[in-house]
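Trainee: okay, predicted coordinates and the sequence, questions at the end:
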Amino acid sequence: MPTILIVEDEAKMRRLLELNLGEDGFSTLSAGDAESGLKLLRESTVDLVVTDLKLPGMDGLEFLQAIKRQNATLPVVVMTAFGTVETAVEAMKTGASDYVLKPFSLSELRMVIHKELDVHKLREENRSLREALGKRYAHPNVVARSAKMQEVLATVERVAPTNSTVLLGGESGVGKDLIARAVHEKSRRASGPFIKINSSAIPENLLESELFGYEKGAFTGAAASKPGKFELADKGTLFLDEIGDVPPAIQVKLLRVLQEREFERLGGTRTVKVDVRLIAATNRDLREALEQGTFREDLYYRLNVVPIDIAPLRQRKEDIPDLVNLFISRFAGDSGKPVDGITPEAMQILVNYHWPGNVRELQNIIERACALAKGKVLKVEDIHLDTRPARAVNGIGNFLPEGMTLEQWEDEMIRESLRRANGNKSQAARLLGLSRNALRYRLSKIGIADEGEKEA
């Protein structure tokens with residue numbers, strides 16, 4: 001039975017919280033000021049603290065700092081008046097787990113407490129994550145041979161059974177949608193809907209109606225009422241991709257849904273209540289957006305409950321062979337070609353490439369190779385990579401593609417010359433302006449055998 005410490009200077013409110021949380025199965029301790037609360041923390045085992053920010057003597061922020069010095073991992077939920085949201089955000093920066101705005105419903109507070117206890121349990125389990133990686137995690141359509149992807153799936157296993165909001169980060173094309181679906185499918189909501197919406201793909205003036213729906217006559221052309229994605233995702237999961245592109249006006253409404261689980265349709269007055277788990281994703285640095293003032297701090301802290309960062313493909317090259325084989329089996333049937341494998345030389349080209357477009361780019365390359373392949377096995381000449389240098393940024397030309405060293409670029413040019421020469425090494429040497437012996441030396445460095453084909 002978790003023990004909750006309530007710190008509230010108003011005796012009636014304190015007693016109400018004690019009774020309500022007691023009925024919900026919690027054991028409670030209570031104090032009327034921060035000093036008494038700290039004394040109870042030293043003398044008792046407490047699983048979570050609920051505290052007002054406005055306290056006599058030591059104020060709520062000072063109390064929060066004292067708690068974190070005493071126990072850095074103890075979850076703290078702060079209560080604050082609507083007009084002091086800035087103070088609540090400051091508390092989140094100091095280490096508070098969540099906040100509720102007064103006046104709040106007791107059911108809302110209980111929901112926040114249950115969520116924070118779930119998250120605390122998750123974080124405690126993650127302390128042993130490195131040891132747990134001895135166990136191999138798997139999920140359909142998710143390739144996770146690398147340690148980085150095993151860590152991602154281990155976190156998915158732990159967070160999925162909770163109702164906590166998840167924020168997925170990573171470059172475009174790394175597979176954030178697959179991880180979002182994995183969280184949903186391993187959750188208690190798996191039998192409910194999984195609704196996906198990409199906020200950057202919808203015009204700003206339509207995004208609000210897509211998310212929250214609209215009533216008949218709300219705007220020109222609204223001939224009938226229509227539910228939004230939040231309503232469609234009720235009892236399930238809503239995956240909101242590119243959260244960093246959501247305009248400020250809609251950020252306010254999103255914050256309300258996360259806090260109160262309710263909203264009004266566009267042009268409507270009836271309050272709609274929903275039970276939705278939100279998974280958000282971004283390829284932007286939201287902290288930079290906070291500094292620029294384009295993303296709300298309070299919404300960021302509501303979203304960033306359990307962050308999961310997915311590494312780019314160039315940092316987990318152990319996954320490339322399994323991904324290649326997965327895509328070959330998928331696209332060979334689609335293209336009607338009897339492709340069932342890939343040569344070691346062609347696979348090495350794929351492993352050594354820097355993949356600026358990540359898994360999505362690899363998928364496209366294999367799909368094209370399967371469609372155009374001349375035989376049952378993909379060869380070097382079937383692999384066509386985009387080896388163009390990166391575009392100039394701010395007027396300054398980049399000599400090399402992003403993430404590529406000079407040595408990697410040279411190796412890629414050698415492979416490209418072989419493709420253009422259809423594997424003829426003498427002709428490839430002439431394309432590069434090298435002698436045959438110089439090319440032979442470079443081929444040996446990158447692991448391509450010199451089979452001594454007939455000179456051309």
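Mentor: Perfect, I can see it now. Numbers count the residues shown, from 1 in each chain.
Trainee: which stretches of the stretch 151-300 of the chain form strands?
Mentor: 166-169, 194-198, 237-241, 262-264, 271-273, 277-282 (DSSP state E, counting those that start in this stretch).
Trainee: these: which one's closest to Leu153?
Mentor: Of all these, it is strand 166-169 that lies closest to Leu153, at 13.0 Å by C-beta to C-beta. Yep, even glycine has a C-beta here, placed from its N, CA and C like the rest.
Trainee: off-centre distance for that closest one?
Mentor: 2 Å (C-alpha atoms, centre = their mean, to the nearest Å).
Trainee: for that strand, which outside residues touch it?
Mentor: 159, 176, 179-180, 183, 243, 278-283, 286, 303-310 (C-beta atoms under 8 Å, 6 or more residues apart in numbering).
Trainee: ok, it: who's next to it in the sheet?
Mentor: Paired strands of strand 166-169, with direction, are strand 277-282 (parallel), strand 306-309 (parallel) (DSSP bridges).
Trainee: now the longest one - C-alpha only, PDB.
Mentor: Yep, that's strand 277-282 we're talking about. Extracted in PDB, the C-alpha atoms of strand 277-282 (Å, rounded to 0.1, in the frame of the first residue of the first chain):
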ATOM      1  CA  ARG A 277      -3.100   7.800 -24.000                       C
ATOM      2  CA  LEU A 278      -1.000  10.300 -26.000                       C
ATOM      3  CA  ILE A 279       2.300   9.400 -27.700                       C
ATOM      4  CA  ALA A 280       4.000  12.300 -29.200                       C
ATOM      5  CA  ALA A 281       7.000  12.400 -31.600                       C
ATOM      6  CA  THR A 282       9.400  15.000 -32.900                       C
END
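Trainee: between that strand and strand 194-198, how many degrees?
Mentor: Per axes from the mean of the first three to the mean of the last three C-alpha atoms, to 10 degrees, the angle that strand 277-282 makes with strand 194-198 is 30 degrees.
Trainee: may I see the buried residues of strand 277-282?
Mentor: 277-282 (16 or more other C-beta atoms under 10 Å).
Trainee: from the residues you listed, which single one is nearest Ala332?
Mentor: Ala281 (30.2 Å).
Trainee: where does the chain dip in pLDDT?
Mentor: For the chain, residues meeting the criterion pLDDT under 70 lie at 82-84, 126-135, 334-336, 387-404, 449-456.
Trainee: counting by contacts, list what the helix ranked longest in it packs against.
Mentor: Counting residues, the longest helix in the chain under DSSP state H turns out to be helix 106-126. Contacts defined by 3 or more C-beta pairs under 8 Å, 6 or more residues apart in numbering; DSSP states H and E place helix 106-126 against helix 11-23, strand 48-52, strand 76-81, strand 98-102, helix 147-159.
Trainee: and the angle from it to helix 147-159?
Mentor: 140 degrees.
Trainee: for Tyr300, see how far away the residue most central in space within the chain is.
Mentor: Nearest to the centroid of the C-alpha atoms of the chain, with distances taken as C-alpha atoms, centre = their mean, sits Leu168, at 0.6 Å. As judged by C-beta to C-beta, to the nearest Å, Leu168 and Tyr300 stand 14 Å apart.
Trainee: now swap in Val351 and tell me
Mentor: 37 Å.
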